[in-house]
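Enquirer: fold the following, please.
(2 chains)
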Amino acid sequence: MSSFVSRYRDGVRAALAVAATVWFFGASFGLVARAAGMGTLAPLVMSATTFAGSAQFAVSSILGAGGGAAAAIAAAVLLNARYAPISISVAPLFHGGLLRRLLESQLIVDESWALASRGGGRFDRRILLGAGLLLYVSWVSGTAVGVLAGDALGDPKDLGLDGAFPALFLALLAPQLRTTRAALAAAGGAAIALALIPVTPAGTPIVVASAACLLGLRRKP
Amino acid sequence: MSTVWVVVLVVGLATVGFKATGPVLLGDRSLPPALAEVVALLAPVLLAALVVTQTVGGDNELVFDARLAGVGAGAVAIAARAPLPAVVVVAAATTALTRLLI
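Expert: Alright, predicted model coming up:
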């Protein structure tokens, strides 16, 4: 029981650290989007509806560089296609009517999903939704501040925040590698992503890498 | 409607759809055992792919920069059983310091 409580407290602390990081990235998205000519309202609406950092940064950089709507949409859709397999992995946590499941599913984002992951395909519903809500508020409020006063905040890269996210994902991956099968599948996914980064549009490596989970079809020895 | 709003609307709708795929289409129905084995591996596979793309991913190229040092320091912290928030802080501080020095 005490280990459960301490693990939970650790989860809440981690969510707070991640929320602060996400807030800074939201602010820098607001700043960049406004500089790219997206105005003040559109970046806010985008943060509230899309709620996915990499795709939003891609859109602002493509529109800012004078790229068309089609290019911006294609890049963002490719980047966010990973949320189809991600949302399938947590589907059993969602109950109730269609509208409730639809609304709650919007709190799925890389970080809330990763924090909720317990290994062996299990996820913690309270952490997924609790962290998701916290990160949603951070992302949207960060965007608002960035749109209005972003110049004053500086670049999150100066704080090394872009190195914090992959380390977080690594920390959450490590305890899941206890079985040979999971370790092999993770290595396969990493190898596929590494091989595809130079040759496919951003977003595609992660989607294709998810095929490594087909290793689960092999009969257990 | 302006280009910006078309993009915001289409991307927003597409993302809402992606995130709703599992919860709305499958819900709490239980999966057939063979498929459940596959879905159970989604977490380690996608986490590993996220680590790779966010550490060395660039614009259609592999980029080895300060992020790699940050993730390396994070890995040491993980091996030393540091709590999650400490791992995040160590990785960010190392990335920032490395960026300052190189």
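
Enquirer: so A:G142 makes contact with A:F24?
Expert: Yes: between A:G142 and A:F24 there is a contact at 6.6 Å, judged by CB atoms under 8 Å. Every C-beta, even on glycine, is put in place using the N, C-alpha and C of the backbone.

Enquirer: touching, A:F57 and A:A36? I think so.
Expert: No: A:F57 lies out of contact with A:A36 (CB under 8 Å); the separation is 10.0 Å.

Enquirer: give the buried residues for the lowest-mean-pLDDT helix or strand in chain A.
Expert: Lowest mean confidence among the helices and strands of chain A (mean pLDDT, DSSP states H and E): helix A:2-35, at a mean of 82. Neighbour-count burial for helix A:2-35, counted by 16 or more other CB atoms under 10 Å in any protein chain shown, picks out A:11, A:14-15, A:17-19, A:21-34.

Enquirer: of the residues you listed, list those near chain B.
Expert: A:G11, A:A14, A:A17, A:V18, A:T21 (CB under 8 Å from any CB of the partner chain).

Enquirer: would you turn those into JSON lines with distance to B:T15?
Expert: Putting those into JSON lines (distance: CB to CB, whole Å) gives the following:
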{"residue": "A:G11", "distance to B:T15": "25"}
{"residue": "A:A14", "distance to B:T15": "25"}
{"residue": "A:A17", "distance to B:T15": "25"}
{"residue": "A:V18", "distance to B:T15": "20"}
{"residue": "A:T21", "distance to B:T15": "21"}
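
Enquirer: SS state for the closest residue to A:L177 other than its chain neighbours?
Expert: Nearest residue to A:L177 in three dimensions, chain neighbours excluded: A:A183, at 4.4 Å (CB to CB, 6 or more residues apart in numbering or on different chains). For A:A183, the assignment made with DSSP: H, G, I helix; E, B strand; the rest coil gives helix.

Enquirer: buried stuff in stretch A:204-215?
Expert: For stretch A:204-215, by 16+ other CB under 10 Å, it's A:T204, A:P205, A:I206, A:V207, A:V208, A:A209, A:S210, A:A212, A:C213, A:L215.

Enquirer: measure it end to end?
Expert: One end of stretch A:204-215 to the other measures 20 Å (CA to CA, to the nearest Å).

Enquirer: same question, stretch B:24-38
Expert: 19 Å.

Enquirer: is that stretch in proximity to chain A?
Expert: Yes: applying CB under 8 Å from any CB, one finds stretch B:24-38 touching chain A at B:V24, B:L25, B:L26, B:G27, B:D28, B:R29, B:S30, B:L31, B:A34, B:A36, B:E37, B:V38.

Enquirer: out of the residues you listed, grab the one that's most surrounded.
Expert: Within those, most neighbours by other CB atoms under 10 Å in any protein chain shown means B:V38, with 23 neighbours.

Enquirer: what does the model give the closest residue in space to that residue that isn't next to it in sequence for pLDDT?
Expert: The shortest distance from B:V38 to any residue other than its chain neighbours is 3.8 Å, reached at A:G216 (CB to CB, 6+ apart). In this model, A:G216 is scored at 86, pLDDT.

Enquirer: so A:G216 touches A:T179, yeah?
Expert: No: if you go by CB under 8 Å, A:G216 and A:T179 don't touch, sitting 10.9 Å apart.

Enquirer: count the neighbours of residue 88 for me.
Expert: If you meant another chain, say so; for now it's chain A. Residues lying near A:I88 (other CB under 10 Å) number 20.

Enquirer: I was after chain B.
Expert: Using other CB under 10 Å, B:V88 is surrounded by 27 other residues.

Enquirer: three-state assignment of it?
Expert: Assignment for B:V88 (three-state DSSP): helix.

Enquirer: and it, what does it touch?
Expert: By CB atoms under 8 Å, 6 or more residues apart in numbering or on different chains, the contact set of B:V88 is A:A14, A:A17, A:V18, A:T21, A:A164, A:A167, A:L168, A:A171, B:G74.

Enquirer: now for chain B, the helix or strand with the poorest mean pLDDT.
Expert: helix B:33-40 (a mean of 81).

Enquirer: immediately after that helix, which helix or strand?
Expert: Where DSSP states H and E defines the elements, the next helix or strand beyond helix B:33-40 is helix B:42-56.

Enquirer: got a list of contacts for the following helix or strand past that following helix?
Expert: Using DSSP H and E, the helix or strand that follows helix B:42-56 towards the C-terminus is helix B:66-79. The contact list for helix B:66-79 (CB under 8 Å, 6+ apart) reads A:160, A:162-164, A:166-168, A:170-171, A:174, B:51, B:54-56, B:86-88, B:90-96, B:98-99, B:102.

Enquirer: equivalent analysis for stretch A:11-24, please.
Expert: With CB under 8 Å, 6+ apart, stretch A:11-24 has contacts from A:53, A:111-112, A:115, A:124, A:127, A:130-131, A:134-135, A:138-139, A:141-142, A:153, A:156, A:159, A:161, A:164-165, A:168, B:83-85, B:88-89, B:92.

Enquirer: can you give me the pLDDT of the most centrally placed residue in chain B?
Expert: What sits nearest the mean C-alpha location of chain B, by CA atoms, centre = their mean, is B:L50, with 3.8 Å. Looking at B:L50, its pLDDT reads 90.
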